[in-house]
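Student: With the input below, show me the fold.
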Amino acid sequence: MKDATEEFNKQRYDLINEFSSSEDKLTYSQACDLNAVQVPEQFALIDRNHRITWHELKETSDRIALSLLEIGYMRPESVLIHLENSAEQFLIRLACEKAGLRVVLTNAAFRETELNSIIERIGPSLGFMSSKRALEGHYDRLLKNLKESGNKIKFFTVGKEDILSWAKTFTSLINRQPSKLSKHFLNHTRFGLNERFYFTTTSGSTSAPKIADTIYGHRISLSMRHADGVNLSLGEKIAALPPMTSGTSDTLVHHVAPYYAATVIIENRFDPIETCRFLAEEGVQIATAVPTMLVRMLSSGGIELLKDSPIRCFVTYAASISYELATSVEERANCRIVRCYGTMDFGGISMSTIADDRETRIRTVGKPFKDNDVRIQGKDGEELPFGETGEVVMKKSQLVMGTGYYRDLPKSFENWNDEFYRLGDLGYLDKSGNLTLVGRESELIIRAGQNIAPSEVEELMISHPKIVDVAIVGIPDEDLGERVCACVLLKDGECIEIEEIRIHFDSLGVAKFKCPEQIVCFEEFPMAMSGMKTDKRRLVELINKN
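Tutor: Predicted coordinates for the structure are as follows:
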């Protein structure tokens, strides 16, 4: 048995290493199928409702792929997926790759406006939608719009088995037995690594989310870099707490798993205590999370459930994380924090690693991935030296999504028309090549001619013992242009006055113009549509309304 395990491990690490150097690389679905042969009874997927082995994953995804083909969905058609985290979402994506159907990944929080915009531009033939949302009427106006425009898209609903007049159920697709096509047919239809497979959509801060198309092999290459960063080992358990349709949950969890024969743990709906219990009970070693989730784990006490668990790393993304928050998680969960940096419409840019010292892991987003040419640019386009803050820009590399936005020349022209892609973030590189982010250029507060980076003020605020979380926004002011406003979540039973913050900032030796001039307390922050970071635009609206 020991010899067999050693041989399996050797074969797998050879496969992973070859991915970076060989032209004849194993595709994602082929890696899944290989696991069905080599480790058939090992769990591939676990969520709150399912425990699926690699053998079962292959059998079910094959059946779905063949059924889709036999029903009549073939290249070059595309499939819209509008689902929350679930085993079904994973199965559908895998089946579409095998069938050669392009996948349109969408944010589960999108409503009819965003979905209608995406459908109009891409024209998918089929959509997989949440039956729960359907029964709540979330798609009523979308269906009305599609009918009026003459769009012929067909739907399957996933979840409850309620019969809807406008859709078939996902269960009926799974239970369907293809009568003519054999599994060997999928060897001819499945996507290759050099093909464009995914349409990825941005979080939808406007009613028309930007769309990028992805070369499949580039996505896998990026995923392998993430696996190296957390020192992933064969057969480990990796969990996705945020949606697996975007960010590091997609690259590290969804895309890496089959190559490492890792078990994917999918959190269907985040709860700060139950999620921690779920991670501990399943023995998860690595989990993706966004800072707001970690805040809630700490404030609820759920993080204590992880102290004696196998978890060794939380990989964070989508928003900056304060040093105090990160160190509290590390100490109370007995693990490490690793930070990733990238954009949904561009790709992976950099990552700190589990081997880095704490200052590097938490205060920076690490070194840019190999092949990524990242620079800091001044206002006149000049490259700035180490330690000097400017706009973060990057050349196209093999880890990026594509060369522009799908069927959107104006936005492509705005961001892709130069040698370097403008990422919209402010930051600086240190002499070791690590990138530190200062904040979004669009969020910079200009008070009486002084530039104030919200992330810096947030870092100072969060160190106050009464504060659980903070978001800094600029409030319009006739005399100064803008004033600094601190939106805070306080520990239970606490209250805070502006004078306490002034004393706190004075004790830290911070310039007075950076100190907030207004404090607004919230019970919870409104979230952006992605569900992964605070919606600062909405915060400003709420403050102005009151």
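
Student: Could you write out the alpha-carbon coordinates of stretch 444-457 in PDB?
Tutor: C-alpha atoms of stretch 444-457 as PDB (Å, rounded to 0.1, in the frame of the first residue of the first chain):
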ATOM      1  CA  LEU A 444      -8.600  58.900  -2.700                       C
ATOM      2  CA  ILE A 445      -9.900  61.700  -0.400                       C
ATOM      3  CA  ILE A 446      -8.600  65.100  -1.200                       C
ATOM      4  CA  ARG A 447      -9.000  67.400   1.800                       C
ATOM      5  CA  ALA A 448      -7.800  71.000   1.300                       C
ATOM      6  CA  GLY A 449      -5.300  69.800  -1.300                       C
ATOM      7  CA  GLN A 450      -4.000  67.000   0.900                       C
ATOM      8  CA  ASN A 451      -4.300  63.400  -0.500                       C
ATOM      9  CA  ILE A 452      -5.600  60.900   2.100                       C
ATOM     10  CA  ALA A 453      -5.600  57.200   1.400                       C
ATOM     11  CA  PRO A 454      -8.700  55.600   3.100                       C
ATOM     12  CA  SER A 455      -6.800  52.300   3.600                       C
ATOM     13  CA  GLU A 456      -4.100  54.100   5.700                       C
ATOM     14  CA  VAL A 457      -6.700  55.700   8.000                       C
END
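
Student: can you pull the buried residues of it?
Tutor: 445, 447, 452-455, 457 (16 or more other C-beta atoms under 10 Å). All C-beta atoms are positioned from the backbone trio N, CA, C, and that covers glycine.

Student: How about Gln321, nearest residue that isn't a chain neighbour?
Tutor: You called it Gln, but residue 321 is Ile. Excluding its sequence neighbours, the residue lying closest to Ile321 (C-beta to C-beta, 6 or more residues apart in numbering) is Pro291, at 4.4 Å.

Student: Quick one: residues contacting Gln38.
Tutor: 8, 11, 261 (C-beta atoms under 8 Å, 6 or more residues apart in numbering).

Student: So which of the buried residues of stretch 444-457 sit within strands?
Tutor: When DSSP state E defines the strands, the subset of the buried residues of stretch 444-457 inside them is 445, 447, 452.

Student: In CSV, list those residues along with pLDDT and distance to Leu142.
Tutor: Converted to CSV, those look like this (pLDDT from 0 to 100; distance: C-beta to C-beta, whole Å):
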residue, pLDDT, distance to Leu142
Ile445, 87, 38
Arg447, 85, 43
Ile452, 85, 41
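
Student: Would you mind putting the residues you listed into TSV with distance to Ala239 alongside?
Tutor: What follows is those, written out as TSV (distance: C-beta to C-beta, whole Å):
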residue	distance to Ala239
Ile445	36
Arg447	42
Ile452	37
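
Student: just curious, which of these is nearest to Lys545?
Tutor: Within these, the smallest distance to Lys545 is 20.0 Å, found for Ile445 (C-beta to C-beta).

Student: mean confidence score for stretch 397-416?
Tutor: For stretch 397-416, mean pLDDT rounds to 74.

Student: now for the longest helix along the chain, which elements pack on it?
Tutor: As assigned by DSSP state H, the longest helix anywhere in the chain is helix 2-21. On a contact count with 3 or more C-beta pairs under 8 Å, 6 or more residues apart in numbering; DSSP states H and E, helix 2-21 meets helix 28-38, helix 216-229.

Student: Least reliable of those helices by average pLDDT, please.
Tutor: helix 216-229 - the lowest mean pLDDT of the helices and strands packed on helix 2-21, at a mean of 89.

Student: follow-up on the earlier one: contacts for the longest helix of the chain next, please.
Tutor: Against helix 2-21 from outside (C-beta under 8 Å, 6+ apart): 25-26, 31, 38-39, 220-221, 224, 227, 234, 259-261.

Student: Could I get those residues in CSV, plus columns for distance to Lys367?
Tutor: Converted to CSV, these look like this (distance: C-beta to C-beta, whole Å):
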residue, distance to Lys367
Lys25, 25
Leu26, 28
Ala31, 27
Gln38, 34
Val39, 34
Ile220, 21
Ser221, 17
Met224, 16
Ala227, 16
Leu234, 25
Tyr259, 23
Tyr260, 23
Ala261, 28
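
Student: which sections of the chain are below the confidence cut-off?
Tutor: Residue ranges of the chain with pLDDT under 70: 1-2, 19-24, 203-207, 398-403, 417, 529-531, 546.

Student: For the residue nearest the centre of it, which non-adjacent residue is closest in space?
Tutor: What sits nearest the mean C-alpha location of the chain, by C-alpha atoms, centre = their mean, is Gly247, with 2.4 Å. Leaving aside its sequence neighbours, Gly247 sits nearest to Tyr317 (C-beta to C-beta, 6+ apart; 5.0 Å).

Student: who are the neighbours in contact with that neighbour?
Tutor: With contact set as C-beta under 8 Å, 6+ apart, Tyr317 has these partners: 247-248, 288, 290, 339-342, 532.

Student: For the stretch 51-200 of the chain, which segments count as strands?
Tutor: 51-53, 78-82, 102-105, 126-130, 154-158, 168-169, 196-201 (DSSP state E, counting those that start in this stretch).

Student: The fifth one packs against which elements?
Tutor: Contacts of strand 154-158 with other secondary structure elements, assessed using 3+ C-beta pairs under 8 Å, 6+ apart, are made with helix 87-99, strand 126-130, helix 131-135, strand 168-169, helix 170-175.

Student: For that strand, buried residues please.
Tutor: 155-158.

Student: now the angle from it to helix 87-99?
Tutor: Strand 154-158 runs at 140 degrees relative to helix 87-99, counting by axes from the mean of the first three to the mean of the last three C-alpha atoms, to 10 degrees.
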